[in-house]
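Visitor: my questions concern the predicted model and sequence given below.
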Amino acid sequence: MKVFIVIPAYNEAGKIRRVLLKLKKNSYKNIIVVDDGSKDCTAKIAEESGAYVLKHVINRGQGAALKTGIDYALEKKADIIVTFDADDQFMVKEIKDIICPVAKGEVDIALGSRFLGKAVNIPFLKKMVLKLGIFVVFLLYGINITDSQGGFRAMSRKASQRINLTADRMEHAAEFFSEIMRNKLKYREVPITVRYDTYALKKGQNWSDSFGLGMKMLFNKYMR
Ligand SMILES: Nc1nc2c(ncn2[C@@H]2O[C@H](COP(=O)(O)OP(=O)(O)O)[C@@H](O)[C@H]2O)c(=O)[nH]1
Ligand SMILES: [Mg+2]
């Protein structure tokens, strides 16, 4: 089976080399980095590592980058597409666990859950807001999950073709759920580890970004 790893990346020069090296060591050959108008040398590092590097000229957001990467993987005849972060918060060794139910044909999409697995050093407020996100996703889509904003997933070719991402920025996380429901895709959560180090905490979404995202999702659904 042809597995493609899609990595959206924005200003990740500090970490992406390490992530790509780990992927190589674990024999993942088909890696697509979508550089989203980074101001640092993220794209150059990714090119040096031998990954396919797609570049947005301007910063369009994580959702748009994922769409670009997924479309390219489909064009390259991917059987399974894994979405993965560039900031070394996820474990490369857990990719095989997330692929497993999809490869066996048991589900169309496997969703990583840090709350079934481990969220190492997660700040209290971030944890609370993510837990609130679970409730928001249940309210909006009637889907019962334990982690609402993870970026670590594995999808079959069929699921990747059907999931239609239209939100350019972080709202795409919710779109995965609405698309799962709309297309009646089979899904399962898989325990994963997410590490919070100083780099991830400085660069990543803070609790207020995540809270704002939840409010925006509710607003979009009920007020428009
Ligand atoms: N392409 C692209 N990737 C982004 C953007 N913002 C964040 N990312 C990437 O998406 C992944 C997760 O983003 P991050 O900010 O760490 O989110 P968090 O881990 O949920 O706090 C990382 O690989 C980032 O480099 C963006 O605007 N465009
Ligand atoms: Mg992060």
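Guide: Yep, that arrived. Ligands and ions are numbered 1, 2, ... in the order given.

Visitor: identify all contacting residues around stretch 56-73.
Guide: Stretch 56-73 is contacted from outside by 4, 6-10, 30, 32-38, 52, 54, 81, 83, 151, 160, 163, 165-172, 175, using Cβ atoms under 8 Å, 6 or more residues apart in numbering. Any C-beta I mention is one placed from the backbone N, CA and C, and that applies to glycine too.

Visitor: OK, contacts around Met1?
Guide: Asp79, Ile80, Ala103.

Visitor: the second one and Val102, how far apart?
Guide: Read that as Ile80. According to Cβ to Cβ, to the nearest Å, Ile80 and Val102 sit 6 Å apart.

Visitor: and these two? Which one has more around it.
Guide: Val102 (28 against 22; other Cβ atoms under 10 Å).

Visitor: tell me, what's touching Ile80 and Val102 both at once?
Guide: The contact lists of Ile80 and Val102 share Ala154, Met155, Ser156, where a contact means Cβ under 8 Å, 6+ apart.

Visitor: low-confidence ranges in the chain?
Guide: 224 (pLDDT under 70).

Visitor: tell me, what residue is most central in the chain?
Guide: In the chain, the residue lying closest to the centroid (Cα atoms, centre = their mean) is Gly151, at 2.3 Å.

Visitor: could you report the neighbour count for the spatially closest residue to Ser210 that is not a sequence neighbour?
Guide: Spatial nearest neighbour of Ser210, excluding adjacent residues (Cβ to Cβ, 6 or more residues apart in numbering): Val129 at 4.5 Å. Val129: 22 surrounding residues under other Cβ under 10 Å.

Visitor: ok, Asp71 next?
Guide: Neighbours of Asp71 (other Cβ under 10 Å): 16.

Visitor: straight-line length of stretch 56-68, end to end?
Guide: The straight-line separation of the ends of stretch 56-68 (Cα to Cα, to the nearest Å) is 9 Å.

Visitor: near ligand 1 at all, that stretch?
Guide: Yes - with Cβ under 6 Å from any ligand atom as the criterion, ligand 1 is reached by stretch 56-68 at Asn59, Gly61, Gln62, Ala65.

Visitor: mind putting the residues you listed in JSON lines, neighbour count and distance to Ile98 included?
Guide: Shown next, in JSON lines, are these (neighbours: other Cβ atoms under 10 Å; distance: Cβ to Cβ, whole Å):
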{"residue": "Asn59", "neighbour count": "17", "distance to Ile98": "28"}
{"residue": "Gly61", "neighbour count": "19", "distance to Ile98": "23"}
{"residue": "Gln62", "neighbour count": "24", "distance to Ile98": "18"}
{"residue": "Ala65", "neighbour count": "29", "distance to Ile98": "20"}
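
Visitor: how about the residues of this protein by ligand 1?
Guide: 8-10, 12, 34, 36, 59, 61-62, 65, 85-87, 89, 149, 151, 203-205.

Visitor: among the residues you listed, which ones are in helices?
Guide: Gln62, Ala65, Lys203 (DSSP state H).

Visitor: which residues in the protein form helices?
Guide: So, for the chain - with DSSP H - the helices run 16-25, 42-48, 62-75, 95-103, 124-141, 157-162, 172-182, 198-203, 207-222.

Visitor: restricting to C-alpha, output stretch 187-202 in CSV.
Guide: Only the C-alpha atoms of stretch 187-202 are listed here, as CSV (Å, rounded to 0.1, in the frame of the first residue of the first chain):
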residue,chain,number,x,y,z
TYR,A,187,-14.1,6.4,11.8
ARG,A,188,-12.2,5.3,14.9
GLU,A,189,-10.0,7.1,17.4
VAL,A,190,-6.5,5.8,18.0
PRO,A,191,-4.5,6.7,21.2
ILE,A,192,-1.5,9.0,20.4
THR,A,193,1.1,10.9,22.3
VAL,A,194,1.3,14.7,21.9
ARG,A,195,4.3,16.4,23.5
TYR,A,196,4.3,20.0,24.6
ASP,A,197,7.8,21.5,24.7
THR,A,198,8.7,25.1,24.9
TYR,A,199,9.0,25.3,21.1
ALA,A,200,5.5,23.9,20.6
LEU,A,201,4.0,26.1,23.3
LYS,A,202,5.6,29.3,21.9
